[in-house]
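A.B. asks: one predicted model, sequence on top.
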Amino acid sequence: MSDHHRITKRCPVCFSRDIDVLLTQRDGIWACVKCSFNGTEAEIRGMYRDIQKKYHGMIERYTLEDQRKL
Amino acid sequence: MMKLNIFHRTDPGRYEIFKRQQDLVHSLGMKTSVFLHYFDLFQDHIVADALAYQAAFGDEIGLALNRLEGPGMDDISRGLEHIWLFDEEQKRQLMEMALSKFKDVFGRMPTAVTSYHFDSSALRILKEIAPEVEGIVGGCFEEGVRVFHGCNHSWYLFNEGMPWGPWFPAKGHTLRPAAETEDWSGVVAVPHLARDMSLSFEGRNDFWASHPPNVIRGMGNDASFCPYDLNLIDQYRMQADFNGHTYYNTFVGTQWLTWNHNSEYPPEVAWELYTKQLTYFKQLKEQGELEDLTLTEYARWHKESRPFAEPEVYLAKEMLYQSHKHYFWHIDTDLRVLIDANQGGSIGDLRAYIGRVEKATGPDTPSRENGAYPYLIQSQYRTGYPNHSFDGSRTTLKLVKNGEEVDLCSTPTKVASVERSSAGSRMVLTPAKAVFPDGSTVEVETTYTIEPGGKITIKRSLSGDTEGILATEYFKGAPGCTEYPIDLHGIQLQVMDATGTQEMDYLYRRRRLEVDAPECVAAVVPQVNARVMMSAAKGAKPSSGLAREGNLFEPYFVLELTYDTNTSTEFSTCLIITA
């Protein structure tokens, strides 16, 4: 965990529009310079999970044979 | 058989990462192509290591033009890293500096050179200085508008409209596959990464590619669990079913294997996924299903094995969203076509290479930063199927019965079969089912035949409640390179029947030319040096035809041929693109 401070975070609102924008942190709150989003790390992590919900196949392995039949 | 290139770039600032990448590949019994930047050539230990890798593992040493820094170079490049964005004089100065230093260090010119993109003047100058160059990394498939947006409008790499696999770059436009020797720039180009042929059309091409840390950037992983990386390899392997072989590469820079601002994971996750990808390559190699080559070795194989005019296809099946949509891509020296099976077989992207549009980039050119090969149809940038105001660029079949219309774009299909040969490709879709408000249904089976020379034949076979159906083949196009419209003045619309030709210059007045028993409908589009023409194939008799201009709120042109299915329920239309 000593490197935890090195983990950056992208704005979940901008990312949901396919735009990478780094958040800045002040007093435990992360804020976006491009949009009005601000929130805690826990909220941001949850929003990342929400973004990933659209990837229904994210944990699915499609082998060559699977794909031929797809 | 899959041909694989593994590319690495040296990096003095993160040299331990580069060495670890090299060690990893070698421990798996494979080789790499190592690309040194100009500034690396001043580092004795980097040069010595590269030579040692070459001697021990058969790695190739090439030149990276991805970063243009170093002694004497900084005063010219002044922080600009991208060779295609300089003027010709500076391109020559920079490449002379880098190539002469490479020759000083290694006693020879490189045979492999990388950049994210080479425009026509950069490639011409490269070959003038170093005729020995055989292979280049020459472009990023469908990188442009979406990555520009995605990088907060700050990534100026516009090279859409290019081949997804290796190609012979043409002299006049390096993203167009050369038609023959005279047309050829003299190198074999490979794309920078293999891209997801569904998702790089629908969105950012960088997220969904043969680059595990980029998939992390796209949030397509669950920590170090990311089957997508292997799924993509297998989707490319599947293309050998149609093309006889397939190509793949991976090119992960050192910055992606350490703390990276586009990842919310520590470097261990990127390393683990990169290792899994490479380990899968090793497994395929051991099974005799993959051959790892250097870039120069691949370029030589390509020259020996691939004729200029050989068409290639790609059947994409979307996996990450589990939509299982099918997209069919065809490329030859005259056309690149995308058929969107999910929209009833609509053409979603069309590049008329037959127009031989020439382009260089740089501040001394009218194109400036945009190196894309222009489209005639781009349904993602230019609306496609209507969902707000008007529709945009696309093709479709419109079925009308008792005044009610069903647009085939609203009826999802799948690719049922694909055949490809030197003579072209043939793709059959599963039947599209059109349901009318009165409950009657019509099934439409569509067959595409795409032949060199810019000829697309669309055969429709209708069955079911076809009585009273009027079926209209519909082409809506607009030339362009980005999501914004360009000036359509200069386009000329034409309709022709047995009595002659009517013509109309495009003036944005939404006027139309109509004709009964048409011989053809057409548009001359000087912006892409091409004429688009629709005519009935032999035996089919359209009852009417139309050519229409748009206006500034609908900046497109429309071509239509209408068939009365009381005459025949099977008809074929030729969409012919000529220069």
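C.D. replies: Perfect, I can see it now. Residues are numbered from 1 along each chain as shown, chains lettered A, B, ... in the order given.

A.B. asks: what about whichever residue of the stretch 1-150 of chain B sits closest to chain A, neighbour count?
C.D. replies: For the stretch 1-150 of chain B and chain A, the shortest gap (C-beta to the nearest C-beta) falls at B:Gly150, measuring 5.1 Å. In this view, the C-beta of every residue, glycine as well, is placed from N, C-alpha and C. The local packing of B:Gly150 (other C-beta atoms under 10 Å in any protein chain shown) involves 25 other residues.

A.B. asks: mind checking the backbone torsions on it?
C.D. replies: Main-chain dihedrals, B:Gly150, degrees, to the nearest 10: phi -60, psi -30.

A.B. asks: do I have it right that it meets A:Ser16?
C.D. replies: No: using C-beta atoms under 8 Å, B:Gly150 is not in contact with A:Ser16; the gap is 11.9 Å.

A.B. asks: would you map the strands across the stretch 1-150 of chain B?
C.D. replies: Remark: strands assigned in the stretch 1-150 of chain B by DSSP state E, counting those that start in this stretch are B:2-9, B:33-36, B:60-64, B:112-114, B:135-139.

A.B. asks: ok, chain A next?
C.D. replies: Residue ranges of the strands in chain A, as given by DSSP state E, are A:23-26, A:29-32, A:38-39.

A.B. asks: of all these, which lies closest to B:Ile491?
C.D. replies: Taking C-beta to C-beta, strand A:29-32 is the member of the strands of chain A nearest to B:Ile491, at 42.9 Å.

A.B. asks: could you dump the closest one to CSV, C-alpha only?
C.D. replies: These are the backbone C-alpha positions of strand A:29-32, laid out as CSV (Å, rounded to 0.1, in the frame of the first residue of the first chain):
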residue,chain,number,x,y,z
ILE,A,29,-12.4,14.9,-2.4
TRP,A,30,-11.5,14.2,-6.0
ALA,A,31,-12.7,16.8,-8.5
CYS,A,32,-12.7,17.1,-12.3
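
A.B. asks: so what touches that strand?
C.D. replies: A:9, A:11, A:13-14, A:21, A:23-25, A:37-41, A:44 (C-beta atoms under 8 Å, 6 or more residues apart in numbering or on different chains).

A.B. asks: redo these as TSV? Include pLDDT, neighbour count and distance to B:Ala471.
C.D. replies: Formatted as TSV, those follow (pLDDT from 0 to 100; neighbours: other C-beta atoms under 10 Å in any protein chain shown; distance: C-beta to C-beta, whole Å):
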residue	pLDDT	neighbour count	distance to B:Ala471
A:Lys9	94	19	53
A:Cys11	98	26	48
A:Val13	98	19	45
A:Cys14	98	20	45
A:Val21	97	20	48
A:Leu23	96	21	53
A:Thr24	95	14	58
A:Gln25	93	12	60
A:Phe37	98	20	49
A:Asn38	98	16	55
A:Gly39	97	19	53
A:Thr40	96	11	58
A:Glu41	94	15	57
A:Ile44	97	21	52
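
A.B. asks: out of those residues, who's nearest B:Glu312?
C.D. replies: Using C-beta to C-beta, A:Cys14 comes nearest to B:Glu312 of those, at 36.7 Å.

A.B. asks: ok, for that closest one, nearest residue in space, not its chain neighbours?
C.D. replies: A:Val21 (4.3 Å; C-beta to C-beta, 6 or more residues apart in numbering or on different chains).

A.B. asks: contacts only, for that neighbour.
C.D. replies: A:Arg10, A:Cys11, A:Cys14, A:Phe15, A:Cys32, A:Val33, A:Lys34, A:Cys35, B:Asn152.

A.B. asks: would you mind measuring from B:Trp155 to chain A?
C.D. replies: Distance, B:Trp155 to chain A, using C-beta to the nearest C-beta, to the nearest Å: 10 Å.

A.B. asks: touching, that residue and B:Arg146? I think so.
C.D. replies: No: the pair B:Trp155 / B:Arg146 is not scored as a contact, 10.0 Å apart, by C-beta under 8 Å.

A.B. asks: which one's more surrounded, the two?
C.D. replies: Per other C-beta under 10 Å, whichever of B:Trp155 and B:Arg146 has more neighbours is B:Arg146, with 23 against 18.

A.B. asks: quick one: the more buried one and A:Asp20 touch, right?
C.D. replies: No: B:Arg146 lies out of contact with A:Asp20 (C-beta under 8 Å); the separation is 11.9 Å.

A.B. asks: picking that back up, show me the two of the contacts of A:Val21 that sit farthest apart.
C.D. replies: Greatest spatial distance in the contacts of A:Val21: A:Phe15 and A:Val33, 13.9 Å, computed using C-beta to C-beta.

A.B. asks: more crowded one of these two?
C.D. replies: A:Phe15 (24 against 12).

A.B. asks: ok, now which ones touch the nearest residue to that one once chain neighbours are set aside?
C.D. replies: Counting by C-beta to C-beta, 6+ apart, A:Phe15 lies nearest to A:Ile51, which is 6.4 Å off, once chain neighbours are set aside. Each residue near A:Ile51 by C-beta under 8 Å, 6+ apart is listed here: A:Pro12, A:Phe15, A:Ser16, B:Met219.

A.B. asks: how about B:Phe102?
C.D. replies: Contact partners of B:Phe102, counting by C-beta under 8 Å, 6+ apart, are B:Leu36, B:Leu41, B:Leu63, B:Met109, B:Pro110.

A.B. asks: pLDDT score assigned to the third one?
C.D. replies: If you check B:Leu63, the pLDDT there is 98.

A.B. asks: mind listing what it touches?
C.D. replies: Contacts of B:Leu63 (C-beta under 8 Å, 6+ apart): B:Phe35, B:Leu36, B:His37, B:Tyr38, B:Ala98, B:Leu99, B:Phe102, B:Pro110, B:Ala112, B:Val113, B:Thr114.

A.B. asks: for B:Leu193, which non-adjacent residue is spatially closest?
C.D. replies: Leaving aside its chain neighbours, B:Leu193 sits nearest to B:Ala209 (4.3 Å; criterion: C-beta to C-beta, 6+ apart).

A.B. asks: and the closest residue to A:Thr63 other than its chain neighbours, how close does it get to A:Phe15?
C.D. replies: Distances taken as C-beta to C-beta, 6+ apart place B:Asp234 nearest to A:Thr63, at 5.9 Å, with adjacent residues excluded. Separation of B:Asp234 from A:Phe15 (C-beta to C-beta, to the nearest Å) stands at 28 Å.

A.B. asks: again with B:Leu575
C.D. replies: Distance from B:Leu575 to A:Phe15, by C-beta to C-beta: 39 Å.

A.B. asks: what about the one residue in the stretch 451-579 of chain B that gets nearest to chain A, neighbour count?
C.D. replies: Closest residue of the stretch 451-579 of chain B to chain A, C-beta to the nearest C-beta: B:Glu483 (13.4 Å). Counted with other C-beta under 10 Å, the neighbours of B:Glu483 add up to 15.

A.B. asks: could you pull up the residues touching it?
C.D. replies: B:Val145, B:Tyr381, B:Arg382.

A.B. asks: for chain B, what are the nearby residues on chain A?
C.D. replies: Taking C-beta under 8 Å from any C-beta of the partner chain as the contact definition, chain A meets chain B at A:3, A:6-10, A:15, A:18-22, A:34, A:48, A:51-52, A:54-64, A:66-68, A:70.
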